[in-house]
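>>> Take this sequence and fold it.
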Amino acid sequence: MDETRTPVLVGCGQVTQREPDPRKAMGPIDLTAEAVSRAAEDSGAGKALTAALDTIVVLRSFSDTSWRFRSPFGGPSNPPRSLASRIGAGSPKRLVYTHPGGNMPQWCINRLFEMVTRGEVEAALVCGGEALATQKAAERAKLTLDWNEDAGGSFEEWGVATRGWNDAEDRHRMAGAIFAYPLFENGIRGHLKRTIPEHMAAIGKLFSHFADVAAKNPLADRRQGFTPEQIATVSADNPFIGFPYTKLMNSNAFIDQAAAVILTSAAKARALGIPESKWVHLHGTADAYDHWYISDRKNFHSSPAMRTVARETLEMAGIGMADIDFIDLYSCFPSAVEIACAENGLALDDPRGLTVTGGLPYFGGPGNNHVTHSISEMISRVRAKPGSKGLVTANGNYVTKQSAGIYSTEPPKAPFKPKDAKIYQAPIDADKGPPTVDAPSGKGTIETYTVMHDRKGPSYAILFARDAAGRRFIANAPADAALLRDMTEHDYLGAGGTVTSRDGLNEFRPE
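Residues are numbered from 1 along each chain as shown. Model prediction:
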C-alpha cells in the first residue's frame, strides 16, 4: 500500500473536569485544547504533531445545538480557529465545525480517512468539549462568565443542518431527545408484549451493566454504580423525566468533558517518528439514516439504518460479530441500546459487554461528542491487546443517523475504501411507514406514548396513534393530572379513543 495514502489513527486523549468553582474551571475550548494536548502526547510526537495538522474538526457544542443548553455566557465565533491558536496548530488549511449529531465523530473519521486516501489530508484532528456542569453551577451561583471570543475567519460545516423533528411534532412538543426516546421505549415494550413493571425491571438491569463499567472508569462522571432497582425505581432523587425513563436512564449532559483523536497518513506518522505500536486502523465502516422524522418510521422498535450499517461495516472488515473483542454501543437512552442489540444480533447480556466508557448516563453525555470518547477509549483497548478488534456505533438525532467503525492495530488486508452509501441507502428510503394525517378526527388507537414530567409530576403526554383508515397522527392527551398519572401506572398501548383537531393541535382522549 502507498503509505502517503494509508490513513492511521495515532493519538487519543480525554479529560473530565471536576473543578467545583466556576471561576477557576476551564471553559469548553480550553477543555478541548487539554484533550488535544493529551492526544498529541499519547502519540509520542507531542507538539510536532499539533504543528503538522492540516485539518481541524470540532464537534458542534450543545450550546450551539439545543435551546435547552444555550449558554448565557456566549462562546467563540470560530471554534476551530480558537482551538488552533491554543494548540499551536500553525495555519491549518481546513477548519471544520460540524452540524449536530451523536453520529458525527465516527462520520468525520470516516470522511477524513477517505480524504487521506485521496491525498487531500496528511494530519487531522477530531475533537470536542462541553462545560455544561460549570455553566449550570455558574448560573445557580448567579456568576457571570465570559466565554465570548472572536478569532475571525470562517469555517466549513460538515453534516446535515436539518432539525430532527417536523412542524407537527414541534407543535405537539416532541422537540428533543428526552421526548423522542421514551416513545421508542414504549414501542419496544409493546413489541415484546411486556407489562410496565416487567419492562422497567429489564431496562434497569440492562443499564446497571453500563453503570458498573462507569464505576471502574476514572473519567466517568457517575462512578457510584447503580443496581437495577436503583435505576428503575422512581424516587425523589430519581424521578420520571419522560415515562418510562427515570433520571438515571437519561443521558447525563451536565458534565465537563472533552476528547480528541488524531489521524495521519502512515507516511506522515513515520516522518513524525510515531511508532507503529501507536497506529490503529479502521477496518470497516458505514453510514446510513432512517426516515428523518419519527412520524414516518415503519414502527417504533426497529432501525433499518442500524441493521444496514451493522451489515456493511462487518462486510467491509471481512469478519463477523463473533470476531469482535470490544463493543461500544451508543447509549443515550435504553431504547437506543435495545434497538442496536436487535439490529446487530447482540444479546443484551453479551459477555463482552456493550460499552467501554460506561455510557452516556453514567460516563457522561457530552453533547455531540460522546463517541469521540468511545473512539479514544477503543484505541486504548485495541492497543492493549494487539490484533484485537473493537466495534464503535454512533447514533444521531432520534434513532436516525447511524455510523459505525471497527478498529484494530492489525493492518487491513485491503486499502480503505467504503462502499458508496447511496447503494444501501436507497432501500431504506423506499421502505417508508404508514401515511400520516395532520388534522385527524374520530376514532383512533395508540401506537406509543410518553408522559413528560416536571418537578411537580406529570406535565403532558405525547402519543402516536392510527385513525380508522390506518393513518398515523401525533397528538397530546388532555391536560388531566389523574389521566396522565394513570398513563404511567397502566398500559395505554393499543388503547382506543377519540381525536379532535383545532388550530394545528390534536388532542386524543382515551376511552
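
>>> need the contact list for the closest residue to Glu149 other than its chain neighbours.
Nearest in space to Glu149, with sequence neighbours left out and distances taken as CB to CB, 6 or more residues apart in numbering, is Pro76 at 4.2 Å. Yep, even glycine has a C-beta here, placed from its N, CA and C like the rest. By CB atoms under 8 Å, 6 or more residues apart in numbering, Pro76 lies in contact with 29, 82, 147-151.

>>> same question, Ala48
Applying CB under 8 Å, 6+ apart, the residues near Ala48 are 272-273.

>>> Could you report the pLDDT at it?
Ala48 carries a pLDDT score of 98 in this model.

>>> Begin at 48 from now on, thanks
Got it, first residue is 48 now, which makes that one Ala95.

>>> Kindly confirm my reading that it is in a helix.
Yes - counting by DSSP: H, G, I helix; E, B strand; the rest coil, Ala95 is found in a helix.

>>> Quick check: it vs Ile103, distance?
Separation of Ala95 from Ile103 (CB to CB, to the nearest Å): 16 Å.

>>> Please report the number of neighbouring residues for Asn125.
19 (other CB atoms under 10 Å).

>>> Output the strand or helix carrying Val260 in CSV with nothing but the alpha carbons.
With secondary structure defined by DSSP states H and E, Val260 is part of helix 243-262. Output in CSV follows, covering the C-alpha atoms of helix 243-262 (Å, rounded to 0.1, in the frame of the first residue of the first chain):
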residue,chain,number,x,y,z
ILE,A,243,-44.8,-1.9,32.6
PRO,A,244,-43.2,-3.5,35.8
GLU,A,245,-41.6,-6.2,33.7
HIS,A,246,-40.1,-3.8,31.2
MET,A,247,-38.9,-1.3,33.9
ALA,A,248,-37.0,-4.2,35.6
ALA,A,249,-35.5,-5.3,32.3
ILE,A,250,-34.1,-1.8,31.3
GLY,A,251,-32.9,-1.3,34.8
LYS,A,252,-30.9,-4.5,34.6
LEU,A,253,-29.6,-3.5,31.2
PHE,A,254,-28.3,-0.1,32.3
SER,A,255,-26.9,-1.4,35.6
HIS,A,256,-24.2,-3.1,33.5
PHE,A,257,-23.3,0.3,32.0
ALA,A,258,-23.2,1.8,35.5
ASP,A,259,-20.8,-1.0,36.6
VAL,A,260,-18.3,-0.1,33.8
ALA,A,261,-18.5,3.6,34.6
ALA,A,262,-17.8,2.8,38.3
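
>>> So which bits of it are buried?
Neighbour-count burial for helix 243-262, counted by 16 or more other CB atoms under 10 Å, picks out 243, 246-261.

>>> what does the next helix-or-strand element following that helix contact?
Tracing the chain past helix 243-262, the next element assigned as helix or strand by DSSP H and E is helix 275-279. The contact list for helix 275-279 (CB under 8 Å, 6+ apart) reads 247-248, 250-252, 254-255, 258, 285, 293, 295-296.

>>> returning to what we had before: inside helices: which ones of the contacts of Pro123?
76, 129 (DSSP state H).

>>> pLDDT and distance to Ala431 added to the contacts of Pro123, as CSV?
Formatted as CSV, the contacts of Pro123 follow (pLDDT from 0 to 100; distance: CB to CB, whole Å):
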residue, pLDDT, distance to Ala431
Ile76, 98, 31
Ser129, 98, 34
Trp194, 97, 37
Asn195, 97, 41
Glu196, 96, 38
Asp197, 97, 43
Ala198, 96, 38
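
>>> Filter the contacts of Pro123 down to the buried ones, ChimeraX style.
The buried residues among the contacts of Pro123 can be selected in ChimeraX (16+ other CB under 10 Å) with this line:
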select :76,129,194,196,198
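
>>> Just name the closest of the contacts of Pro123 to Arg358, please.
Ile76 (38.8 Å; CB to CB).

>>> what's the pLDDT at Gly137?
86.

>>> The residue nearest to it when sequence neighbours are not counted in helix, strand or coil?
Spatial nearest neighbour of Gly137, chain neighbours left out: Ala98 (5.3 Å); criterion: CB to CB, 6+ apart. Secondary structure assignment for Ala98 (three-state DSSP): helix.

>>> neighbours around Ala98, how many?
By other CB under 10 Å, the residues close to Ala98 number 16.

>>> show me the contacts for it.
Contacts of Ala98 (CB under 8 Å, 6+ apart): 135-137.

>>> And these, which is closest to Arg549?
Nearest to Arg549 among those, counting by CB to CB, is Ala136 at 56.0 Å.

>>> Contact partners for that closest one?
Contacts of Ala136 (CB under 8 Å, 6+ apart): 97-98, 100, 103, 130, 172.

>>> need those in a markdown table with distance to Ile371, can you?
A markdown table is the format used below for these (distance: CB to CB, whole Å):
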| residue | distance to Ile371 |
| --- | --- |
| Thr97 | 32 |
| Ala98 | 36 |
| Leu100 | 31 |
| Ile103 | 31 |
| Leu130 | 33 |
| Leu172 | 27 |
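
>>> among the residues you listed, which two are most distant?
Spatial extent of these (CB to CB) is set by the pair Ala98 and Leu130 at 13.9 Å.

>>> Contact partners for His330?
363-366, 436, 453-455, 457, 459.

>>> pretty sure it is in a helix, no?
No - His330 sits outside any helix when classified using three-state DSSP, being strand.

>>> Quick check: buried residues in stretch 95-113?
Quick answer for stretch 95-113 (16+ other CB under 10 Å): 96-113.

>>> now do stretch 216-228
Residues of stretch 216-228 classed as buried by neighbour count (16+ other CB under 10 Å): 216, 218-222, 224-228.

>>> Please flag which of these sit within helices.
Under the assignment DSSP H, the buried residues of stretch 216-228 contribute 216, 218, 224-228 to helices.

>>> Redo these as JSON lines? Include pLDDT and distance to Lys469.
Formatted as JSON lines, these follow (pLDDT from 0 to 100; distance: CB to CB, whole Å):
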{"residue": "Glu216", "pLDDT": "98", "distance to Lys469": "27"}
{"residue": "Arg218", "pLDDT": "98", "distance to Lys469": "33"}
{"residue": "Ala224", "pLDDT": "96", "distance to Lys469": "28"}
{"residue": "Ile225", "pLDDT": "97", "distance to Lys469": "33"}
{"residue": "Phe226", "pLDDT": "98", "distance to Lys469": "31"}
{"residue": "Ala227", "pLDDT": "98", "distance to Lys469": "27"}
{"residue": "Tyr228", "pLDDT": "98", "distance to Lys469": "28"}
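
>>> on contacts alone, who are the packing partners of the helix holding Val260?
Helix 243-262 sits against helix 224-239, helix 275-279, helix 381-391, with contacts defined as 3 or more CB pairs under 8 Å, 6 or more residues apart in numbering; DSSP states H and E.

>>> picking that back up, show me which of the buried residues of stretch 216-228 is closest to Ala184.
Distances from Ala184 to those, taken by CB to CB, are shortest for Ile225, at 21.2 Å.

>>> and that closest one, what does it touch?
Contacts of Ile225 (CB under 8 Å, 6+ apart): 288-289, 292, 297, 499.

>>> same deal with Gly148?
Counting by CB under 8 Å, 6+ apart, Gly148 touches 154, 206-207, 415, 443-444, 448.
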